[in-house]
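K.L.:
Requesting a structural model of the entry that follows:
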Amino acid sequence: MAVTVETLEKLERKITLSVPVTLIQSEVDTRLKRLARTVKMDGFRPGKVPMNVVAQRYGYSVQYEVLNDKVGEAFAVAANEANLRVAGQPRITEKEGAPEGQVTFDAIFEVFPEVKIADLSDAEVEKLSAEVTDAAIDKTIDILRKQRRSFAQRAMDAAAQDGDRVTVDFEGKIDGEPFEGGKAEDFQFLVGEGQMLKEFEDAVRGMKSGESKTFPLAFPAEYHGKDVAGKTADFLVTIKKIEAAHLPEVNDALAKSLGIADGSVEGLRADIKKNLEREVKFRLLARNKQAVMDALVAKAELDLPNSSVQAEIARLLEGARAELKQRGIKDADKAEIPEDVFRPQAERRVRLGLVLAELVRANELQAKPEQLKAHIDELAASYEKPEDVVRWYFGDRQRLAEVEAVVIENNVTEFVLSKAKVVEKAVSFDELMAQQG
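P.N.:
The predicted structure is shown next:
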C-alpha cells in the first residue's frame, strides 16, 4: 500500500492509518467466541453462557484490545513499507470523518536520525601509556607486608611514632558539653595512617604510655557527623598502650604465605607484576576509550529523538531511586528528583549510542566470537578457578551481552585511534592509579 509520511519537525513524523470496520468486527467475534468457551458466570455452566451475555459483559474491553492490536499491526506494516526506523512508541489518536466502513487514526512518532560523523583524521585524541615499574612492585609488596604485620608492646618510656598501634581513652566536649560519638575507651588506631583527623594524630604522636593531654580539634565543615561539622571540640586523651609494628621480611617464607607456587621472592615479584600489568591495561583502555568517545561525540552531527532521551532519563531516575533505597532512605521510590538533573547525561548517552551504532554498522566493528572468548578469558585470569568464571559468563545471555558491548567499544576505540591524530602521553603508574574510573 502507498504510505504517506508527513514531516512535522526534525525527527517527528505523522502517518494516517485506516483499518476496515469489518476486520475489527470479525476479530472481535472470534475472540468473544473463544472467551465464551471458558468464561464462568453465575447461573450458567462453564462454556454455556449465551453469546449476547458474553458480548454485553466483555464486548467493550475485547473491542478495545482488538482495535489496539489492529492499529499497532497497521502502523508496523506502514512504517516497514516506508523504510522508517521508529524511535519509541507512536502516539495514536482517532480521526473524525473517516470514509464509510473504515476507522482512521493519526500516528505521530519520532524516527532515528541520520548520523553524520566528520572526518576522523582531523580528530585529536590523547592516548595514555604507563609501565609497571620496580617501584610499583615494591609499593605493592609493602602493602602486603602491612596487611600481615604483627605488634609488640613498646617500653613504658617510649614515645608513640608513625606506624605504631596505640590504645587510648578519649573524651571530647564542645563548649563544655559532651557530644555523641565523642567518647571511647580502649580505642585502637594506627598513628600516621589517616584513620583519625590530623589534629588527633598530631596530639598523640610523641606521647608515652600513661600520659594524658588536652587539645583542641576543629572538625571540618564537610565532616560526616553533621552535629559537630565545622565546630571545635576540646579532647582529653590518655595513652594506655603503645605497640610497635613488625613487618615480615621479604623472603621465601612471605612468598609461600601469599600462595606463590614456587615459594620464591622472584616468583612473588613476577606474580605481582602480572596482576599490576593487567590492572594497568584495563585502566589505560578505560581512559583511552573515554578520550575516543569524547572525540566521537564532538565529531558527530545528529538530532536526538526526544523519546529516546526520555527513556534514558527514566532509566537514570530509576537507578538513582534504587541507590537511595539501598542506602536505607525511607520512601526512596517517591523521592522528588527533578528530571533535568539527568538530562545532560541522558542526552550524551543517547548521542553516543547512536554514533557508536552507526560507526559499528558502517565499518563492521561487531564483536567476533573469538574476541568475546579472549576478553572473558582475560577477565577470568585473575580468579582462582578461571574455568568456572568463563562458564559463568557463557551461561547467561545478559552477562554475555554486557561483555559484547565492551568488546564493541574496544573495537571502536582501536578503529578511531587508527584514523585520528593520536597524541601519545606517558604517565606514571601512580598517576594512572590516582585517576578516577
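
K.L.:
Every contact and neighbour count from this point should use C-alpha atoms.
P.N.:
Noted.

K.L.:
just the strands in the stretch 1-150 of the chain please.
P.N.:
5-9, 12-20, 86-94, 102-111, 116-117, 124-129, 150-153 (DSSP state E, counting those that start in this stretch).

K.L.:
between those strands, which one is nearest to residue 208?
P.N.:
Distance to residue 208, taken as CA to CA, is lowest for strand 150-153 among the strands of the stretch 1-150 of the chain, at 12.0 Å.

K.L.:
on contacts alone, who are the packing partners of the closest one?
P.N.:
With contacts taken as 3 or more CA pairs under 8 Å, 6 or more residues apart in numbering; DSSP states H and E, strand 150-153 sits against strand 232-246.

K.L.:
tell me what whatever helix or strand comes next after the strand it packs on is packed against?
P.N.:
Next along the chain after strand 232-246, taking DSSP states H and E as the criterion, comes helix 252-257. Here helix 252-257 touches helix 265-299, going by 3+ CA pairs under 8 Å, 6+ apart.

K.L.:
Using a markdown table, please lay out the strands of the stretch 1-150 of the chain together with distance to residue 275.
P.N.:
Formatted as a markdown table, these follow (distance: least, CA to CA, whole Å):
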| stretch | distance to residue 275 |
| --- | --- |
| strand 5-9 | 54 |
| strand 12-20 | 52 |
| strand 86-94 | 44 |
| strand 102-111 | 47 |
| strand 116-117 | 38 |
| strand 124-129 | 17 |
| strand 150-153 | 26 |
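
K.L.:
May I see the ones you listed organised as CSV, with mean pLDDT and distance to residue 383 added?
P.N.:
CSV is the format used below for the strands of the stretch 1-150 of the chain (pLDDT from 0 to 100; distance: least, CA to CA, whole Å):
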stretch, mean pLDDT, distance to residue 383
strand 5-9, 88, 54
strand 12-20, 91, 50
strand 86-94, 90, 41
strand 102-111, 91, 45
strand 116-117, 90, 41
strand 124-129, 94, 26
strand 150-153, 95, 28
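
K.L.:
how about those, which one is nearest residue 313?
P.N.:
Residue 313 lies closest to strand 86-94 among the strands of the stretch 1-150 of the chain, at 13.5 Å (CA to CA).

K.L.:
got a list of what residue 91 touches?
P.N.:
Residue 91 makes contacts with 107-109, as judged by CA atoms under 8 Å, 6 or more residues apart in numbering.

K.L.:
Centre-most residue in this protein?
P.N.:
residue 319 (9.0 Å; CA atoms, centre = their mean).

K.L.:
check contacts around that one.
P.N.:
Counting by CA under 8 Å, 6+ apart, residue 319 touches no other residue.

K.L.:
And the pLDDT for it?
P.N.:
On pLDDT, residue 319 comes in at 88.

K.L.:
and it, that's in a strand?
P.N.:
No: Residue 319 sits outside any strand when classified using DSSP: H, G, I helix; E, B strand; the rest coil, being helix.

K.L.:
what's the distance between it and residue 172?
P.N.:
40 Å (CA to CA, to the nearest Å).

K.L.:
Tell me where the model's unsure across the stretch 1-150 of the chain.
P.N.:
Along the stretch 1-150 of the chain, the parts satisfying pLDDT under 70 run over 1-2.

K.L.:
same question, the stretch 151-300 of the chain
P.N.:
By pLDDT under 70, the stretch 151-300 of the chain has no low-scoring segment.

K.L.:
residues in contact with the nearest residue to residue 252 once chain neighbours are set aside?
P.N.:
Excluding the flanking residues, the one nearest residue 252 by CA to CA, 6 or more residues apart in numbering is residue 264, at 4.7 Å. Taking CA under 8 Å, 6+ apart, we find residue 264 in contact with 251-252, 255-256.

K.L.:
if you set the cut-off to 10 Å instead, what comes out?
P.N.:
250-256, 270 (CA atoms under 10 Å, 6 or more residues apart in numbering).

K.L.:
what's the farthest-apart pair in those?
P.N.:
Across the contacts of residue 264, the longest distance by CA to CA is 16.0 Å; it joins 253 and 270.

K.L.:
Show the pLDDT at residue 436.
P.N.:
Confidence score, pLDDT, at residue 436: 61.

K.L.:
Residue 39 against residue 55, yeah?
P.N.:
No: applying CA atoms under 10 Å, one finds residue 39 not in contact with residue 55, separated by 11.5 Å.

K.L.:
Looking at these two, which has the bigger crowd around it?
P.N.:
Neighbours were counted for residue 39 and for residue 55 using other CA atoms under 10 Å; residue 55 has more, 19 against 15.

K.L.:
Which residue is the nearest non-sequential neighbour of the more buried one?
P.N.:
Closest to residue 55 by CA to CA, 6+ apart is residue 32, at 6.7 Å.

K.L.:
circling back to that earlier point, are any of the contacts of residue 91 buried, and which?
P.N.:
For the contacts of residue 91, a neighbour count by 16 or more other CA atoms under 10 Å gives the buried set as 107-109.

K.L.:
Report the separation between the residue nearest to residue 105 when sequence neighbours are not counted and residue 108.
P.N.:
The shortest distance from residue 105 to any non-neighbouring residue, by CA to CA, 6+ apart, is to residue 94 (4.3 Å). Here residue 94 is placed at a distance of 11 Å from residue 108 (CA to CA).

K.L.:
Which residues are in contact with each of these two?
P.N.:
Both residue 94 and residue 108 are contacted by residue 16, under the criterion CA under 10 Å, 6+ apart.

K.L.:
In which helix or strand does the nearest residue to residue 394 once chain neighbours are set aside reside?
P.N.:
Leaving aside its chain neighbours, residue 394 sits nearest to residue 400 (6.1 Å; criterion: CA to CA, 6+ apart). Element membership of residue 400, judged by DSSP H and E, is helix 397-419.

K.L.:
Which parts of that helix count as buried, going by neighbours?
P.N.:
When burial is assessed from 16+ other CA under 10 Å, helix 397-419 yields the following buried residues: 400, 403-404, 407-417.

K.L.:
how about these in CSV, adding distance to residue 65 and pLDDT?
P.N.:
What follows is those, written out as CSV (distance: CA to CA, whole Å; pLDDT from 0 to 100):
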residue, distance to residue 65, pLDDT
400, 36, 92
403, 39, 93
404, 38, 94
407, 42, 94
408, 40, 94
409, 42, 92
410, 45, 92
411, 45, 94
412, 44, 93
413, 47, 93
414, 49, 93
415, 48, 94
416, 49, 93
417, 52, 93
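
K.L.:
which among these gets closest to residue 369?
P.N.:
Proximity of the buried residues of helix 397-419 to residue 369 was ranked by CA to CA; the top entry is residue 404 with 9.2 Å.
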